[in-house]
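Novice: Starting from these lines, generate the structure:
(one chain, ligands or ions: 1)
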Amino acid sequence: MNNKKAIGIFDSGIGGLTVLHSIIKALPAEDTIYVGDTARVPYGTKSVTAVTNYSLEIGRFLEKMDIKALVVACNTASAVALPKLKEAFNIPVIDMIDPAAGNAVETTQNGHIGVIGTEGTIKSGAYENKIKTFGQKIEVTSIACPLFVPLAEEGWIDNDVALAATRIYLEPFKRSKIDTLILGCTHYPLLKDTIREVIGDKIALIDSGETASLCLKEILKSEKKKEQETVPRRSYFVTDTPDRFLRLGKRFLGDEIDDVRHIDIP
Ligand code: DGL
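Specialist: Numbering: from 1, shown residues only. Here you go, the predicted structure:
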(Lines give C-alpha, C1' and ligand atoms only; values in the text may rest on other atoms or scores of the structure.)
Protein backbone atom coordinates (compact mmCIF):
# COMPACT_ATOMS: atom_id res chain seq x y z
CA MET A 1 0.00 0.00 0.00
CA ASN A 2 1.13 3.49 -0.80
CA ASN A 3 1.02 6.08 1.99
CA LYS A 4 0.26 8.91 -0.36
CA LYS A 5 -2.84 7.37 -1.89
CA ALA A 6 -6.27 8.61 -0.84
CA ILE A 7 -9.04 6.71 0.93
CA GLY A 8 -12.07 6.15 -1.30
CA ILE A 9 -15.51 6.39 0.29
CA PHE A 10 -18.86 5.85 -1.36
CA ASP A 11 -22.50 6.06 -0.42
CA SER A 12 -25.85 6.21 -2.17
CA GLY A 13 -25.92 9.98 -1.59
CA ILE A 14 -25.16 12.52 1.10
CA GLY A 15 -25.70 10.30 4.17
CA GLY A 16 -22.20 8.83 3.92
CA LEU A 17 -20.84 12.25 4.84
CA THR A 18 -21.54 11.27 8.48
CA VAL A 19 -19.08 8.42 7.93
CA LEU A 20 -16.60 10.76 6.26
CA HIS A 21 -16.93 13.02 9.32
CA SER A 22 -15.86 10.10 11.54
CA ILE A 23 -13.02 9.14 9.16
CA ILE A 24 -11.66 12.70 9.23
CA LYS A 25 -11.84 12.63 13.02
CA ALA A 26 -9.98 9.31 13.21
CA LEU A 27 -7.49 9.98 10.39
CA PRO A 28 -7.23 13.76 9.92
CA ALA A 29 -4.14 13.72 7.69
CA GLU A 30 -5.47 11.34 5.04
CA ASP A 31 -6.63 12.49 1.62
CA THR A 32 -10.20 11.40 0.89
CA ILE A 33 -12.27 10.93 -2.26
CA TYR A 34 -16.04 10.72 -1.69
CA VAL A 35 -18.60 9.55 -4.23
CA GLY A 36 -22.33 10.01 -3.63
CA ASP A 37 -24.59 8.17 -6.06
CA THR A 38 -27.17 10.94 -5.85
CA ALA A 39 -28.75 10.06 -9.21
CA ARG A 40 -29.75 6.61 -7.96
CA VAL A 41 -30.41 7.24 -4.25
CA PRO A 42 -32.07 5.66 -2.26
CA TYR A 43 -30.42 2.25 -2.14
CA GLY A 44 -32.47 1.21 0.90
CA THR A 45 -35.56 0.32 -1.10
CA LYS A 46 -33.78 -1.22 -4.11
CA SER A 47 -33.08 -4.86 -4.95
CA VAL A 48 -29.89 -6.70 -4.04
CA THR A 49 -28.99 -6.92 -7.74
CA ALA A 50 -29.41 -3.19 -8.34
CA VAL A 51 -27.47 -2.13 -5.22
CA THR A 52 -24.69 -4.63 -5.98
CA ASN A 53 -24.33 -3.39 -9.55
CA TYR A 54 -24.34 0.26 -8.50
CA SER A 55 -21.75 -0.44 -5.81
CA LEU A 56 -19.46 -2.26 -8.23
CA GLU A 57 -19.71 0.58 -10.75
CA ILE A 58 -18.76 3.18 -8.15
CA GLY A 59 -16.03 0.95 -6.77
CA ARG A 60 -14.54 0.73 -10.27
CA PHE A 61 -14.62 4.51 -10.62
CA LEU A 62 -12.76 4.89 -7.32
CA GLU A 63 -10.32 2.12 -8.23
CA LYS A 64 -9.29 4.19 -11.25
CA MET A 65 -8.49 7.06 -8.85
CA ASP A 66 -5.84 4.76 -7.37
CA ILE A 67 -7.15 4.64 -3.79
CA LYS A 68 -5.54 2.59 -1.01
CA ALA A 69 -8.75 1.50 0.72
CA LEU A 70 -12.44 1.45 -0.16
CA VAL A 71 -14.97 2.40 2.52
CA VAL A 72 -18.52 1.28 1.81
CA ALA A 73 -20.18 4.03 3.84
CA CYS A 74 -23.68 2.95 2.83
CA ASN A 75 -25.08 0.36 5.25
CA THR A 76 -27.41 -1.03 2.60
CA ALA A 77 -24.54 -1.54 0.14
CA SER A 78 -22.46 -3.06 2.97
CA ALA A 79 -25.32 -5.41 3.81
CA VAL A 80 -25.94 -6.74 0.31
CA ALA A 81 -22.87 -6.14 -1.86
CA LEU A 82 -19.86 -6.76 0.37
CA PRO A 83 -18.81 -10.24 -0.90
CA LYS A 84 -18.89 -9.01 -4.53
CA LEU A 85 -16.95 -5.85 -3.64
CA LYS A 86 -14.27 -7.79 -1.76
CA GLU A 87 -13.97 -10.16 -4.69
CA ALA A 88 -13.70 -7.34 -7.24
CA PHE A 89 -11.12 -5.09 -5.58
CA ASN A 90 -7.62 -5.89 -4.50
CA ILE A 91 -7.47 -3.31 -1.69
CA PRO A 92 -8.94 -3.36 1.83
CA VAL A 93 -12.73 -2.97 1.66
CA ILE A 94 -14.18 -1.61 4.91
CA ASP A 95 -17.90 -2.10 5.45
CA MET A 96 -20.30 -0.74 8.06
CA ILE A 97 -21.76 -4.05 9.30
CA ASP A 98 -18.86 -6.12 10.64
CA PRO A 99 -17.24 -3.49 12.90
CA ALA A 100 -20.59 -2.38 14.40
CA ALA A 101 -21.74 -5.96 14.97
CA GLY A 102 -18.47 -6.76 16.76
CA ASN A 103 -18.68 -3.60 18.84
CA ALA A 104 -22.29 -4.37 19.83
CA VAL A 105 -21.38 -7.89 20.93
CA GLU A 106 -18.57 -6.48 23.09
CA THR A 107 -20.90 -3.85 24.52
CA THR A 108 -24.00 -5.87 25.40
CA GLN A 109 -24.30 -7.09 28.97
CA ASN A 110 -27.57 -8.98 28.67
CA GLY A 111 -27.18 -10.43 25.15
CA HIS A 112 -30.07 -8.46 23.61
CA ILE A 113 -29.04 -6.24 20.70
CA GLY A 114 -31.27 -3.99 18.60
CA VAL A 115 -30.57 -2.96 15.01
CA ILE A 116 -32.22 -0.19 13.00
CA GLY A 117 -31.61 0.42 9.31
CA THR A 118 -33.20 0.74 5.89
CA GLU A 119 -35.60 -1.84 4.53
CA GLY A 120 -32.79 -3.36 2.45
CA THR A 121 -30.37 -3.62 5.37
CA ILE A 122 -32.93 -5.18 7.72
CA LYS A 123 -34.30 -7.54 5.07
CA SER A 124 -30.78 -8.79 4.28
CA GLY A 125 -30.31 -9.99 7.87
CA ALA A 126 -26.65 -8.95 7.54
CA TYR A 127 -26.32 -7.50 11.06
CA GLU A 128 -28.15 -10.39 12.65
CA ASN A 129 -26.08 -12.98 10.76
CA LYS A 130 -22.82 -11.29 11.72
CA ILE A 131 -23.85 -10.93 15.37
CA LYS A 132 -24.83 -14.62 15.49
CA THR A 133 -21.30 -15.61 14.40
CA PHE A 134 -20.18 -14.35 17.83
CA GLY A 135 -22.76 -16.42 19.70
CA GLN A 136 -26.03 -18.07 18.72
CA LYS A 137 -27.59 -17.16 22.05
CA ILE A 138 -27.45 -13.42 21.44
CA GLU A 139 -30.92 -12.12 20.68
CA VAL A 140 -31.30 -9.59 17.91
CA THR A 141 -34.36 -7.41 17.29
CA SER A 142 -34.20 -5.57 13.96
CA ILE A 143 -36.47 -2.77 12.80
CA ALA A 144 -36.52 -0.92 9.48
CA CYS A 145 -37.04 2.83 9.93
CA PRO A 146 -37.39 4.09 6.33
CA LEU A 147 -38.78 7.51 7.26
CA PHE A 148 -35.60 8.44 9.13
CA VAL A 149 -33.77 9.04 5.82
CA PRO A 150 -36.12 11.74 4.45
CA LEU A 151 -36.52 13.22 7.95
CA ALA A 152 -32.75 13.65 8.30
CA GLU A 153 -32.45 15.16 4.81
CA GLU A 154 -35.31 17.54 5.58
CA GLY A 155 -33.55 18.57 8.79
CA TRP A 156 -36.53 17.32 10.81
CA ILE A 157 -34.42 15.63 13.41
CA ASP A 158 -35.84 16.88 16.68
CA ASN A 159 -39.35 18.22 16.01
CA ASP A 160 -42.73 16.61 16.80
CA VAL A 161 -42.78 14.62 13.56
CA ALA A 162 -39.33 13.13 14.23
CA LEU A 163 -40.31 12.34 17.81
CA ALA A 164 -43.60 10.69 16.79
CA ALA A 165 -41.92 8.59 14.06
CA THR A 166 -39.17 7.52 16.46
CA ARG A 167 -41.70 6.52 19.15
CA ILE A 168 -43.67 4.39 16.69
CA TYR A 169 -40.63 2.73 15.11
CA LEU A 170 -38.83 1.95 18.36
CA GLU A 171 -41.87 0.77 20.31
CA PRO A 172 -40.97 -2.97 19.91
CA PHE A 173 -37.65 -2.38 21.70
CA LYS A 174 -39.58 -1.69 24.91
CA ARG A 175 -40.71 -5.31 24.96
CA SER A 176 -37.46 -6.85 23.72
CA LYS A 177 -35.30 -5.41 26.54
CA ILE A 178 -32.30 -4.60 24.38
CA ASP A 179 -29.35 -2.95 26.14
CA THR A 180 -27.45 -2.05 22.94
CA LEU A 181 -28.73 -0.47 19.72
CA ILE A 182 -26.88 -0.30 16.40
CA LEU A 183 -27.58 2.79 14.29
CA GLY A 184 -27.27 0.87 11.01
CA CYS A 185 -27.76 3.67 8.51
CA THR A 186 -25.74 6.68 7.40
CA HIS A 187 -28.53 9.12 8.31
CA TYR A 188 -29.35 7.97 11.82
CA PRO A 189 -26.56 9.77 13.72
CA LEU A 190 -28.45 12.99 12.95
CA LEU A 191 -31.43 11.65 14.90
CA LYS A 192 -29.30 10.44 17.81
CA ASP A 193 -30.74 12.91 20.35
CA THR A 194 -34.33 12.06 19.47
CA ILE A 195 -33.58 8.32 19.54
CA ARG A 196 -31.92 8.83 22.93
CA GLU A 197 -34.98 10.72 24.20
CA VAL A 198 -37.26 7.84 23.19
CA ILE A 199 -35.19 4.87 24.37
CA GLY A 200 -33.78 6.49 27.51
CA ASP A 201 -30.19 6.62 28.69
CA LYS A 202 -29.66 2.99 29.67
CA ILE A 203 -29.25 1.62 26.14
CA ALA A 204 -25.82 1.92 24.51
CA LEU A 205 -25.90 3.39 21.01
CA ILE A 206 -23.43 2.08 18.42
CA ASP A 207 -22.74 4.45 15.52
CA SER A 208 -21.78 2.15 12.62
CA GLY A 209 -19.81 4.87 10.80
CA GLU A 210 -17.80 5.77 13.89
CA THR A 211 -16.93 2.13 14.60
CA ALA A 212 -15.98 1.49 10.97
CA SER A 213 -13.68 4.54 10.99
CA LEU A 214 -11.77 3.15 13.96
CA CYS A 215 -11.51 -0.16 12.11
CA LEU A 216 -10.12 1.69 9.06
CA LYS A 217 -7.58 3.43 11.29
CA GLU A 218 -6.50 0.06 12.64
CA ILE A 219 -6.07 -1.32 9.11
CA LEU A 220 -4.00 1.67 7.97
CA LYS A 221 -1.96 1.77 11.20
CA SER A 222 0.92 -0.15 9.70
CA GLU A 223 1.53 2.61 7.21
CA LYS A 224 1.36 5.73 9.35
CA LYS A 225 1.28 8.77 7.19
CA LYS A 226 4.05 11.28 7.74
CA GLU A 227 3.08 14.76 8.90
CA GLN A 228 1.85 16.53 5.83
CA GLU A 229 3.05 19.95 4.86
CA THR A 230 -0.10 20.61 2.88
CA VAL A 231 -3.69 20.29 4.09
CA PRO A 232 -5.28 16.96 3.18
CA ARG A 233 -7.22 16.92 -0.07
CA ARG A 234 -10.98 16.36 0.07
CA SER A 235 -12.57 15.49 -3.26
CA TYR A 236 -16.31 15.06 -3.81
CA PHE A 237 -18.10 13.51 -6.77
CA VAL A 238 -21.82 13.00 -7.34
CA THR A 239 -23.77 11.26 -10.08
CA ASP A 240 -26.55 13.90 -10.21
CA THR A 241 -26.12 17.67 -10.34
CA PRO A 242 -24.19 18.91 -7.27
CA ASP A 243 -26.62 21.59 -6.02
CA ARG A 244 -28.56 19.55 -3.42
CA PHE A 245 -25.35 17.88 -2.18
CA LEU A 246 -23.78 21.31 -1.74
CA ARG A 247 -26.86 22.64 0.04
CA LEU A 248 -27.38 19.75 2.49
CA GLY A 249 -23.83 18.44 2.79
CA LYS A 250 -22.78 20.58 5.74
CA ARG A 251 -25.53 19.15 7.92
CA PHE A 252 -24.11 15.64 7.44
CA LEU A 253 -20.39 16.43 7.32
CA GLY A 254 -20.37 19.17 9.94
CA ASP A 255 -18.17 21.26 7.66
CA GLU A 256 -18.49 23.33 4.48
CA ILE A 257 -18.20 21.58 1.13
CA ASP A 258 -17.27 23.95 -1.64
CA ASP A 259 -16.19 21.83 -4.57
CA VAL A 260 -18.34 18.98 -5.85
CA ARG A 261 -17.97 17.53 -9.33
CA HIS A 262 -20.55 15.68 -11.38
CA ILE A 263 -19.60 12.30 -12.88
CA ASP A 264 -21.43 9.92 -15.17
CA ILE A 265 -21.50 6.33 -13.99
CA PRO A 266 -20.96 3.83 -15.48
N1 DGL B 1 -27.03 5.32 2.78
C2 DGL B 1 -28.16 4.46 3.05
C3 DGL B 1 -27.78 3.47 4.17
O4 DGL B 1 -26.92 3.74 4.99
C5 DGL B 1 -29.40 5.25 3.40
C6 DGL B 1 -30.01 6.00 2.24
C7 DGL B 1 -30.47 5.09 1.13
O8 DGL B 1 -31.48 4.38 1.30
O9 DGL B 1 -29.82 5.08 0.10
O10 DGL B 1 -28.33 2.40 4.23
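Novice: From now on I want contacts and neighbour counts done on CA atoms only, so please keep to that.
Specialist: Noted.
Novice: For Y34, give me its contacts.
Specialist: Applying CA atoms under 8 Å, 6 or more residues apart in numbering, we find Y34 in contact with G8, I9, F10, L20, R234, S235, Y236, F237.
Novice: so how many other residues sit close to F61?
Specialist: 17 (other CA atoms under 10 Å).
Novice: And it, how far from E87?
Specialist: Counting by CA to CA, to the nearest Å, the separation of F61 from E87 is 16 Å.
Novice: same question, R60
Specialist: For R60, the distance to E87 - CA to CA - is 12 Å.
Novice: Next: V35.
Specialist: 20 Å.
Novice: higher neighbour count, these two?
Specialist: V35 (28 against 10).
Novice: which residues does the more buried one form a beta bridge with?
Specialist: Counting by DSSP bridges, V35 is bridged to F10, F237.
Novice: contacting residues for C145?
Specialist: Counting by CA under 8 Å, 6+ apart, C145 touches I116, G117, T118, E119, Y169.
Novice: what do you get if the cut-off is 10 Å, keeping everything else the same?
Specialist: I116, G117, T118, E119, I122, A165, T166, I168, Y169, L170, C185, Y188 (CA atoms under 10 Å, 6 or more residues apart in numbering).
Novice: And the closest residue to the second one other than its chain neighbours, how far from V149?
Specialist: Distances taken as CA to CA, 6 or more residues apart in numbering put G184 closest to G117, at 4.7 Å, once the chain neighbours are dropped. Counting by CA to CA, the gap between G184 and V149 amounts to 12 Å.
Novice: who touches both of those two?
Specialist: Counting by CA under 10 Å, 6+ apart, the residues touching both G184 and V149 are G117, T118.
Novice: Of the two, which one has the most company?
Specialist: Neighbour totals were compared for G184 and V149, and G184 leads with 30 against 21 (other CA under 10 Å).
Novice: and that one, backbone torsions?
Specialist: In terms of degrees, to the nearest 10, the main-chain angles of G184 are phi -90, psi 50.
Novice: What's the separation between it and N90?
Specialist: Distance from G184 to N90, counting by CA to CA: 26 Å.
Novice: now I263
Specialist: Counting by CA to CA, the gap from I263 to N90 is 23 Å.
Novice: Tell me which of those two has more neighbours.
Specialist: Remark: of I263 and N90, I263 carries more neighbours, 16 against 12, as counted by other CA under 10 Å.
Novice: Buried ones from the contacts of Y34, can you make that a PyMOL selection?
Specialist: A single PyMOL command selects the buried members of the contacts of Y34 (16 or more other CA atoms under 10 Å):
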select buried, resi 8+9+10+20+234+235+236+237
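Novice: one step back: against the ligand, which of the contacts of C145 make the cut? List them.
Specialist: Contacts with the ligand within those, as defined by CA under 6 Å from any ligand atom: T118, C185.
Novice: Let me know the closest of the contacts of C145 to the ligand.
Specialist: C185 (3.6 Å; CA to the nearest ligand atom).
Novice: How about the backbone phi and psi for that closest one?
Specialist: Per-residue torsions, C185: phi -160, psi 140 (degrees, to the nearest 10).
Novice: what about A88, how many neighbours?
Specialist: 13.
Novice: just for the chain, where's the confidence low?
Specialist: The model of the chain has pLDDT under 70 over residues 1-2, 222-229.
Novice: cutoff 90 now
Specialist: Residue ranges of the chain with pLDDT under 90: 1-4, 135-136, 174-176, 221-231, 258, 266.
Novice: Please enumerate the strands of it.
Specialist: With DSSP state E, the ranges of strands along the chain come out as 7-11, 32-36, 69-72, 93-94, 112-117, 139-144, 180-184, 204-207, 234-238, 260-262.
Novice: Quick one: list the elements packing against the fifth one.
Specialist: Where contact means 3 or more CA pairs under 10 Å, 6 or more residues apart in numbering; DSSP states H and E, strand 112-117 is packed against helix 97-107, helix 119-124, helix 126-132, strand 139-144, helix 160-176, strand 180-184, strand 204-207.
Novice: Out of these, indicate the one that is most buried.
Specialist: Among those, ranked by average contacts under mean count of other CA atoms under 10 Å, first place goes to strand 180-184 (a mean of 25).
Novice: What strands line up against it, and which way round?
Specialist: Next to strand 180-184 in the sheet, as set by DSSP bridges, lie strand 112-117 (parallel), strand 204-207 (parallel).
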